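**Student:** Build me a model:
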Amino acid sequence: MEPRGEGRDVEGCWTVNAVAMAPVEVTVLPPKHEAFCHAYIANGMNATQAAAEVGYSAKTARVQGARLLTYAAIQARIRELLEPKLRKWDLTADRVLAEVAKVAYFNMGTILHITPNGDPYIDLSAISAEEMAAIGSAEIEDFIDRRETDADGKPIAREVRRVKVKPHDKLKALELGMRHLRLLHDKLEVVFDEDVAAALNSARQRAIQHRQQRLEVISQEDVNDE
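**Tutor:** This is a model prediction of the structure:
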(Lines give C-alpha, C1' and ligand atoms only; values in the text may rest on other atoms or scores of the structure.)
Protein backbone atom coordinates (compact mmCIF):
# COMPACT_ATOMS: atom_id res chain seq x y z
CA MET A 1 0.00 0.00 0.00
CA GLU A 2 1.44 3.38 -1.00
CA PRO A 3 1.82 6.13 1.62
CA ARG A 4 -0.93 8.74 1.09
CA GLY A 5 0.09 12.16 -0.15
CA GLU A 6 3.60 11.08 -1.08
CA GLY A 7 5.27 9.42 -4.04
CA ARG A 8 8.07 7.20 -5.18
CA ASP A 9 11.25 8.84 -6.47
CA VAL A 10 13.25 7.79 -9.53
CA GLU A 11 15.27 5.34 -7.44
CA GLY A 12 12.21 3.44 -6.24
CA CYS A 13 12.41 4.86 -2.72
CA TRP A 14 9.48 6.21 -0.75
CA THR A 15 9.74 9.77 0.55
CA VAL A 16 7.32 10.46 3.39
CA ASN A 17 6.86 13.31 5.82
CA ALA A 18 7.57 12.81 9.50
CA VAL A 19 5.07 13.81 12.19
CA ALA A 20 3.95 17.42 12.29
CA MET A 21 6.06 18.20 15.36
CA ALA A 22 9.23 17.47 13.35
CA PRO A 23 8.71 18.36 9.69
CA VAL A 24 11.73 16.45 8.43
CA GLU A 25 11.65 14.31 5.33
CA VAL A 26 12.51 10.68 5.95
CA THR A 27 13.52 8.45 3.06
CA VAL A 28 12.29 4.89 3.36
CA LEU A 29 14.49 2.62 1.27
CA PRO A 30 13.71 -0.82 -0.06
CA PRO A 31 14.89 -3.43 2.50
CA LYS A 32 17.91 -4.47 0.46
CA HIS A 33 19.08 -0.87 0.07
CA GLU A 34 18.51 -0.16 3.77
CA ALA A 35 20.61 -3.22 4.64
CA PHE A 36 23.33 -2.00 2.29
CA CYS A 37 23.53 1.35 4.12
CA HIS A 38 24.03 -0.38 7.48
CA ALA A 39 26.55 -2.85 6.04
CA TYR A 40 28.44 0.00 4.34
CA ILE A 41 29.01 1.76 7.66
CA ALA A 42 29.74 -1.48 9.54
CA ASN A 43 32.40 -2.42 6.99
CA GLY A 44 34.28 0.85 7.27
CA MET A 45 32.71 2.45 4.18
CA ASN A 46 33.59 -0.51 1.96
CA ALA A 47 30.89 -0.64 -0.70
CA THR A 48 32.04 -3.94 -2.21
CA GLN A 49 31.86 -5.82 1.11
CA ALA A 50 28.53 -4.18 1.92
CA ALA A 51 27.03 -5.25 -1.41
CA ALA A 52 28.27 -8.81 -0.91
CA GLU A 53 26.79 -8.94 2.59
CA VAL A 54 23.31 -7.98 1.39
CA GLY A 55 23.20 -10.66 -1.26
CA TYR A 56 24.90 -9.47 -4.44
CA SER A 57 27.16 -12.04 -6.07
CA ALA A 58 30.93 -11.86 -5.70
CA LYS A 59 31.21 -11.08 -9.42
CA THR A 60 28.90 -8.06 -9.28
CA ALA A 61 29.41 -6.79 -5.71
CA ARG A 62 32.01 -4.20 -6.68
CA VAL A 63 29.95 -2.68 -9.48
CA GLN A 64 26.69 -2.91 -7.54
CA GLY A 65 28.23 -1.25 -4.49
CA ALA A 66 29.54 1.63 -6.57
CA ARG A 67 26.18 1.95 -8.33
CA LEU A 68 24.20 2.04 -5.10
CA LEU A 69 26.39 4.83 -3.75
CA THR A 70 25.36 7.03 -6.66
CA TYR A 71 21.73 7.05 -5.46
CA ALA A 72 20.89 10.30 -3.69
CA ALA A 73 18.47 8.50 -1.37
CA ILE A 74 21.15 6.04 -0.26
CA GLN A 75 23.65 8.84 0.28
CA ALA A 76 21.10 10.67 2.40
CA ARG A 77 20.36 7.55 4.44
CA ILE A 78 24.06 6.92 5.08
CA ARG A 79 24.45 10.50 6.30
CA GLU A 80 21.42 10.03 8.53
CA LEU A 81 22.92 6.88 10.07
CA LEU A 82 26.30 8.54 10.57
CA GLU A 83 24.94 11.74 12.10
CA PRO A 84 24.40 10.34 15.66
CA LYS A 85 27.93 8.93 15.65
CA LEU A 86 29.40 12.24 14.52
CA ARG A 87 27.48 14.08 17.24
CA LYS A 88 28.60 11.56 19.84
CA TRP A 89 32.25 11.93 18.85
CA ASP A 90 31.88 15.69 18.28
CA LEU A 91 33.54 15.02 14.95
CA THR A 92 33.51 18.10 12.75
CA ALA A 93 35.75 19.26 9.92
CA ASP A 94 36.94 22.25 11.95
CA ARG A 95 37.91 20.11 14.91
CA VAL A 96 39.74 17.55 12.78
CA LEU A 97 41.69 20.30 11.01
CA ALA A 98 42.53 21.88 14.37
CA GLU A 99 44.02 18.59 15.58
CA VAL A 100 46.04 18.25 12.38
CA ALA A 101 47.30 21.82 12.83
CA LYS A 102 48.50 21.06 16.37
CA VAL A 103 50.80 18.38 14.99
CA ALA A 104 51.84 20.34 11.92
CA TYR A 105 52.86 23.44 13.88
CA PHE A 106 54.41 21.74 16.91
CA ASN A 107 57.97 22.89 17.64
CA MET A 108 60.32 20.53 19.48
CA GLY A 109 61.99 23.63 20.92
CA THR A 110 59.01 23.84 23.25
CA ILE A 111 60.24 20.85 25.25
CA LEU A 112 63.84 20.34 24.11
CA HIS A 113 66.36 22.59 25.86
CA ILE A 114 70.14 22.89 25.70
CA THR A 115 72.47 23.42 28.64
CA PRO A 116 75.40 25.88 28.45
CA ASN A 117 77.61 22.84 27.87
CA GLY A 118 75.58 21.88 24.81
CA ASP A 119 73.80 18.92 26.39
CA PRO A 120 70.14 18.49 25.38
CA TYR A 121 67.42 17.69 27.91
CA ILE A 122 63.65 17.32 27.89
CA ASP A 123 61.48 19.56 30.08
CA LEU A 124 57.72 19.00 29.96
CA SER A 125 56.87 21.27 32.90
CA ALA A 126 55.75 24.21 30.75
CA ILE A 127 54.05 22.34 27.90
CA SER A 128 50.45 23.34 27.22
CA ALA A 129 47.51 21.01 26.64
CA GLU A 130 47.43 22.05 22.98
CA GLU A 131 51.13 21.23 22.56
CA MET A 132 50.66 17.95 24.44
CA ALA A 133 48.20 16.88 21.73
CA ALA A 134 51.14 16.74 19.31
CA ILE A 135 52.99 14.18 21.45
CA GLY A 136 52.62 10.67 20.09
CA SER A 137 54.34 8.76 22.88
CA ALA A 138 56.54 9.26 25.93
CA GLU A 139 58.74 6.75 27.75
CA ILE A 140 60.17 7.32 31.22
CA GLU A 141 62.95 5.09 32.54
CA ASP A 142 64.55 5.31 36.02
CA PHE A 143 67.89 3.59 36.55
CA ILE A 144 71.13 3.75 38.55
CA ASP A 145 74.16 5.10 36.70
CA ARG A 146 77.53 3.86 38.04
CA ARG A 147 79.78 5.11 35.28
CA GLU A 148 81.38 7.80 37.48
CA THR A 149 83.95 6.88 40.10
CA ASP A 150 85.29 8.59 43.22
CA ALA A 151 88.91 9.38 44.07
CA ASP A 152 89.47 5.77 45.14
CA GLY A 153 88.12 4.43 41.85
CA LYS A 154 84.89 3.16 43.34
CA PRO A 155 81.67 3.55 41.30
CA ILE A 156 79.37 6.36 42.34
CA ALA A 157 75.71 5.38 42.25
CA ARG A 158 73.59 8.12 40.72
CA GLU A 159 69.85 8.00 40.13
CA VAL A 160 68.99 8.92 36.57
CA ARG A 161 65.65 9.45 34.86
CA ARG A 162 65.64 9.08 31.09
CA VAL A 163 62.75 10.60 29.16
CA LYS A 164 62.04 9.76 25.53
CA VAL A 165 59.42 11.82 23.73
CA LYS A 166 58.21 11.14 20.19
CA PRO A 167 55.87 13.64 18.51
CA HIS A 168 53.32 12.63 15.91
CA ASP A 169 54.48 12.72 12.29
CA LYS A 170 54.84 16.42 11.50
CA LEU A 171 55.41 15.93 7.77
CA LYS A 172 52.31 13.74 7.49
CA ALA A 173 50.22 16.39 9.21
CA LEU A 174 51.57 19.06 6.88
CA GLU A 175 50.78 16.80 3.91
CA LEU A 176 47.18 16.38 5.09
CA GLY A 177 46.86 20.13 5.49
CA MET A 178 48.28 20.77 2.03
CA ARG A 179 45.89 18.26 0.48
CA HIS A 180 42.96 19.92 2.22
CA LEU A 181 44.05 23.27 0.79
CA ARG A 182 44.65 21.63 -2.59
CA LEU A 183 48.28 22.64 -2.56
CA LEU A 184 49.39 19.08 -3.16
CA HIS A 185 48.12 16.71 -5.85
CA ASP A 186 49.04 13.21 -6.93
CA LYS A 187 49.52 13.73 -10.62
CA LEU A 188 51.07 11.50 -13.24
CA GLU A 189 52.01 13.15 -16.50
CA VAL A 190 52.45 10.88 -19.50
CA VAL A 191 53.60 12.08 -22.89
CA PHE A 192 52.90 9.94 -25.97
CA ASP A 193 52.53 10.43 -29.70
CA GLU A 194 49.30 10.86 -31.68
CA ASP A 195 49.13 7.23 -32.86
CA VAL A 196 49.27 5.96 -29.30
CA ALA A 197 46.67 8.54 -28.24
CA ALA A 198 44.30 7.45 -31.01
CA ALA A 199 44.70 3.80 -30.09
CA LEU A 200 44.05 4.49 -26.43
CA ASN A 201 41.00 6.60 -27.24
CA SER A 202 39.58 3.81 -29.40
CA ALA A 203 40.16 1.28 -26.63
CA ARG A 204 38.53 3.63 -24.14
CA GLN A 205 35.40 3.93 -26.27
CA ARG A 206 35.14 0.15 -26.57
CA ALA A 207 35.56 -0.17 -22.79
CA ILE A 208 32.79 2.38 -22.18
CA GLN A 209 30.43 0.51 -24.49
CA HIS A 210 31.25 -2.81 -22.83
CA ARG A 211 30.74 -1.30 -19.37
CA GLN A 212 27.39 0.17 -20.37
CA GLN A 213 26.22 -3.19 -21.66
CA ARG A 214 27.42 -4.86 -18.48
CA LEU A 215 25.63 -2.30 -16.28
CA GLU A 216 22.39 -2.95 -18.13
CA VAL A 217 22.72 -6.66 -17.41
CA ILE A 218 23.59 -6.01 -13.74
CA SER A 219 20.69 -3.58 -13.34
CA GLN A 220 18.34 -6.26 -14.62
CA GLU A 221 19.87 -8.75 -12.15
CA ASP A 222 19.31 -6.24 -9.36
CA VAL A 223 15.64 -5.88 -10.32
CA ASN A 224 15.27 -9.64 -10.33
CA ASP A 225 16.95 -9.94 -6.94
CA GLU A 226 14.52 -7.48 -5.44
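
**Student:** List the contacts of stretch 126-142.
**Tutor:** Residues outside stretch 126-142 that contact it (CB atoms under 8 Å, 6 or more residues apart in numbering): 99, 102-103, 106, 110-111, 124, 159-169. Using the backbone N, CA and C atoms, a C-beta is placed for each residue, glycine as well.

**Student:** can you tell me which of those are in helices?
**Tutor:** Mapping the contacts of stretch 126-142 onto helices (DSSP state H) picks out Glu99, Lys102, Val103.

**Student:** coming back round to it: among the contacts of stretch 126-142, which are located in strands?
**Tutor:** Among these, DSSP state E puts Glu159, Val160, Arg161, Arg162, Val163, Lys164, Val165, Lys166, Pro167 in strands.

**Student:** Show the buried residues in these.
**Tutor:** Val165, Pro167 (16 or more other CB atoms under 10 Å).

**Student:** quick one: which two of the ones in strands among the contacts of stretch 126-142 are the most distant?
**Tutor:** Spatial extent of the ones in strands among the contacts of stretch 126-142 (CB to CB) is set by the pair Glu159 and Pro167 at 27.2 Å.

**Student:** for the residue of the chain most remote from its centre, phi and psi?
**Tutor:** Ranked by distance from the centre of the chain (CA atoms, centre = their mean), the top residue is Asp152, with 63.3 Å. With angles defined as degrees, to the nearest 10, Asp152 sits at phi -90, psi 0.

**Student:** Am I right that Ala58 is in contact with Gln49?
**Tutor:** No. With contact defined as CB atoms under 8 Å, Ala58 does not reach Gln49; the gap is 10.7 Å.

**Student:** The two: which is more packed in?
**Tutor:** Set side by side, Ala58 and Gln49 show more neighbours around Gln49, with 17 against 9, by other CB atoms under 10 Å.

**Student:** The more buried one and Leu112: what is the separation?
**Tutor:** The gap separating Gln49 from Leu112 is 45 Å, by CB to CB, to the nearest Å.

**Student:** And Arg95, what's its pLDDT?
**Tutor:** The score at Arg95 is 87. That number is its pLDDT.

**Student:** Sticking with it, tell me its helix or strand.
**Tutor:** Arg95 is located in helix 93-104, with elements delineated by DSSP states H and E.

**Student:** what's the domain layout of the protein?
**Tutor:** Listed domain ranges for the chain are 1-91, 107-167, 188-226 (source: automatic domain parsing).

**Student:** number of nearby residues for Ala73?
**Tutor:** 21.

**Student:** I'd like to know how far it sits from Arg147.
**Tutor:** Going from Ala73 to Arg147 by CB to CB gives 72 Å.

**Student:** Which helix or strand in this structure has the lowest average pLDDT?
**Tutor:** strand 14-17 (a mean of 38; mean pLDDT, DSSP states H and E).
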